[in-house]
Structures are given as C-alpha cells and as structure tokens.
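Sequence first, predicted model second:
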Amino acid sequence: MTPTRRRQLTLLVNPSSGRGKARRKLPGVVSALGQAFPDADVLVRLSTDYADARALASRAVADACEGDALLMMGGDGMTSIGLNAVANSGVPLGVLPAGTGNDFCRGVGLPTKLDAAVSVIAQGHVESIDLMSIDGELVDGTQRRWVGSILSTGFDEKVNWRTNHLPVSFGAPSYAYSVLVELARFSPLRYRVEFDGVPRVLDSILIAVGNAGVFGGGMRGCPHADVRDGLLDVTIVHPCSRRKLLRLLPNLFDGSFVKDPAVELLRAREVIIDGDDLFGMADGEDLGRPPFTCRAVPGALRLFTPA
C-alpha cells in the first residue's frame, strides 16, 4: 500500500525582489515555516522570470492535495501570479511580501513586513475573500485575468506605466516625476461604461475599478473597497483643472481625495469599461486595451489571514 504523502507547502520565490531581499531572507523563512508546519514539506522553487513563475505556480496547484498550499514570496507581480493560479481552486495562498509596493497586502489587511507575514501563515488561519475577474482580449494573449487590487485606466494608468518603466525606481520621487511628465500633456478621455447593465458615456480623468483599494505603491484609489462584500468599488475623477488634479493626487495616499466634488464613487457587481485611447493596468501589470468586463467573484480566493 502506498503511504499518503505529507502536506506540501510550495514556496515560490522571486529571488531578485526588493533588490535581493527575498534571496537574503529565504533561509530564515524556510526555517520558520518548517517549525510552524512540522507535518509538511516546504518545497522551495526559485523563479527565473514571470513566465517561469506562472508555470511553477500552475503546476503546484494542479498537483495539490488536501492540506497543500501555495506561498508566494516577492512583490505584487508574484502575488498576482499566485492568486491567478489558485483562484477558484480551493488551494490556499500565502503572501510573503518582499517587494517595494506590496499593494495587495495593504488592501486586504495583511502585514507588509516579511517576518510578520511569516507569523500570519504560521497561525494556519485561512479565509475566503473576493477577487475581481477581468475578461477581454488581453495583452498576454489570454482572455481572463484575476485581480486582487485595482484596474486602473486613464491618468492613473499612464502614471503607473511610466513609473514602472523607469530605468531605476526611487519610490515616491519616481512617482512624482511621472505625475509631472504626464500632467503636462494629459487631457480627459472619453469612456463608454456600464455599471450593472446601466450604460453611461462620459469624459473622465480616470476610472478605477477596485476589489481591494490600494495600488501604485500605497495609493488608496478605492479607499472604501471591501474584499468581503461581493461588490466592486468604482472611482471616477471627472474633468478638472491641472491645478486641482495636482492638489488631489497627494491625497490618494490617504484616500481623502474622494471628498472632492470632482470625484464620484459607485459600487457594482459588474462593470464594463470601454473608450477611446484607453489602456488598462491591474495589480501593476499591463492588461491591454479595452473593452474589459469586470466582475466581483465572492469567495474566489482562500487566503492565509491573521486569526
């Protein structure tokens, strides 16, 4: 009779995350997980790039048995790969933040410090939270992406894209530089949208659709988003002067920008985004050009969370 195998915790690591922080911290993380789960094997997998990480994550989920879990150690890009692998599979996801933004952790109430995140996973408490599914003809050739945080289009997308593609990132100063460059040439965009089947056509500075509320290295683009309510939060910034926009942008970091009359907040179960000259980013990764159909999917992600 073949003995039942031990539980497996597949720890998928981007060793270059956080300027090598993940590689330096890895031995301590493996040791702590081994002590917390003496009945499990910790299988470390180092990814060479995102394509390799996707393949490793998909394989771990396909081979998973009862009690197994997928743990992602890196930045928001690795977290996105992990949640896309486990969505609706029942396999729990553990997030070990070792990047610079860690927006998903901020948005769902997970620690942003690596040692604290290890402690959360060690508690073994798992709960189900919502994800957003986005359907469309996506830039990577797929038709669906699972999103934990925010879909950004418009001015916010352009700033995020520029910041992500700078040769060197310096955090807030890089973001500020990107804001000034894009602000000088930006004008409102024409959107064609539907909120739970109700169509609208409008010009807007940006429309952000959130599952959780944080993106862009700590900006609270959908500050009231709740990953347990079965709804998507929508933030619309209506046309305003460059001077007002420059005043609003710093308030993205505490969410207080939503108090301005130029900002409209909505909630919906399904949001369709289309328009002219739009491009989408979600969880810090390129999506491509709309139309995008966004849906709230309750309980799609089983996640290690604080007990």
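Looks like it arrived, so ask away. Residues are numbered from 1 along each chain as shown.

residue boundaries of the strands in the stretch 101-250 of the chain?
Counting by DSSP state E, counting those that start in this stretch, the stretch 101-250 of the chain has these strands, from start to end: 126-135, 144-147, 150-154, 189-195, 198-204, 206-210, 232-237.

do you know which of these lies nearest residue 61?
strand 144-147 (12.4 Å; C-beta to C-beta). Placement of C-beta: from N, CA and C, glycine included.

Which strands or helices does the closest one pack on?
helix 76-86, strand 126-135, strand 292-304 (3 or more C-beta pairs under 8 Å, 6 or more residues apart in numbering; DSSP states H and E).

Each with direction, which strands does the shortest one pair with?
Taking DSSP bridges as the criterion, strand 126-135 pairs within the sheet with strand 144-147 (antiparallel), strand 292-304 (antiparallel).

quick one: contacts of the first one?
Residues outside strand 144-147 that contact it (C-beta atoms under 8 Å, 6 or more residues apart in numbering) are 80, 83-84, 87, 131-135, 138, 211, 282-283, 287, 294, 300-301.

Which residue ranges of the protein form helices?
Here the chain has its helices, by DSSP state H, at 17-36, 50-62, 76-86, 103-108, 114-123, 155-164, 172-183, 242-248.

and the strands of the stretch 101-250 of the chain, which one's lowest on average pLDDT?
Mean pLDDT values for the strands of the stretch 101-250 of the chain show the minimum at strand 150-154, a mean of 92.

can you put the strands paired with strand 126-135 in a markdown table and add distance to residue 111 and mean neighbour count?
Below are the strands paired with strand 126-135 laid out as a markdown table (distance: least, C-beta to C-beta, whole Å; neighbours: other C-beta atoms under 10 Å):
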| stretch | distance to residue 111 | mean neighbour count |
| --- | --- | --- |
| strand 144-147 | 21 | 21 |
| strand 292-304 | 11 | 20 |
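
could those strands be laid out in JSON lines, adding distance to residue 115?
As requested, the strands paired with strand 126-135 are exported to JSON lines (distance: least, C-beta to C-beta, whole Å):
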{"stretch": "strand 144-147", "distance to residue 115": "28"}
{"stretch": "strand 292-304", "distance to residue 115": "15"}
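
Residue 176: how many residues sit nearby?
15 (other C-beta atoms under 10 Å).

roughly how far apart are it and residue 258?
Residue 176 sits 21 Å away from residue 258, going by C-beta to C-beta, to the nearest Å.

One more: residue 41?
46 Å.

out of those two, which sits in the busier spot?
Set side by side, residue 41 and residue 258 show more neighbours around residue 258, with 19 against 13, by other C-beta under 10 Å.

Might you report the residue contacts of the more buried one?
With the criterion set at C-beta under 8 Å, 6+ apart, residue 258 makes contact with 223, 224, 235, 265.

repeat for residue 286
Taking C-beta under 8 Å, 6+ apart, we find residue 286 in contact with 139, 140, 161, 279, 280.

Type out the PyMOL command that picks the buried ones from the contacts of strand 144-147.
The PyMOL command for the buried members of these (criterion: 16 or more other C-beta atoms under 10 Å) is given here:
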select buried, resi 80+83+84+87+131+132+133+134+138+211+282+283+287+294+300+301
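
how about CSV for the strands of the stretch 101-250 of the chain, with distance to residue 272 added?
Output for the strands of the stretch 101-250 of the chain, formatted as CSV (distance: least, C-beta to C-beta, whole Å):
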stretch, distance to residue 272
strand 126-135, 10
strand 144-147, 15
strand 150-154, 12
strand 189-195, 4
strand 198-204, 8
strand 206-210, 10
strand 232-237, 11
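
rewinding a little: any idea which of the contacts of residue 286 is closest to residue 69?
Using C-beta to C-beta, residue 140 is the member of these that lies nearest residue 69, at 25.6 Å.

how deep is that closest one tucked in, by neighbour count?
13.

How about the one 3 residues further on?
Residue 143 sits with 10 neighbouring residues when counted by other C-beta under 10 Å.

State the distance from the residue nearest to it when sequence neighbours are not counted to residue 83.
What sits nearest to residue 143 in space, not counting adjacent residues and going by C-beta to C-beta, 6 or more residues apart in numbering, is residue 135, at 6.0 Å. Distance of residue 135 to residue 83, computed by C-beta to C-beta: 16 Å.

burial measure for the closest residue to residue 89 other than its chain neighbours, as a count.
In this structure, residue 89 finds its nearest non-sequential neighbour in residue 61, 5.4 Å apart by C-beta to C-beta, 6+ apart. If you count neighbours by other C-beta under 10 Å, residue 61 ends up with 21.

Spit out the contact partners of the residue nearest to residue 143.
143, 144, 292, 293, 295.
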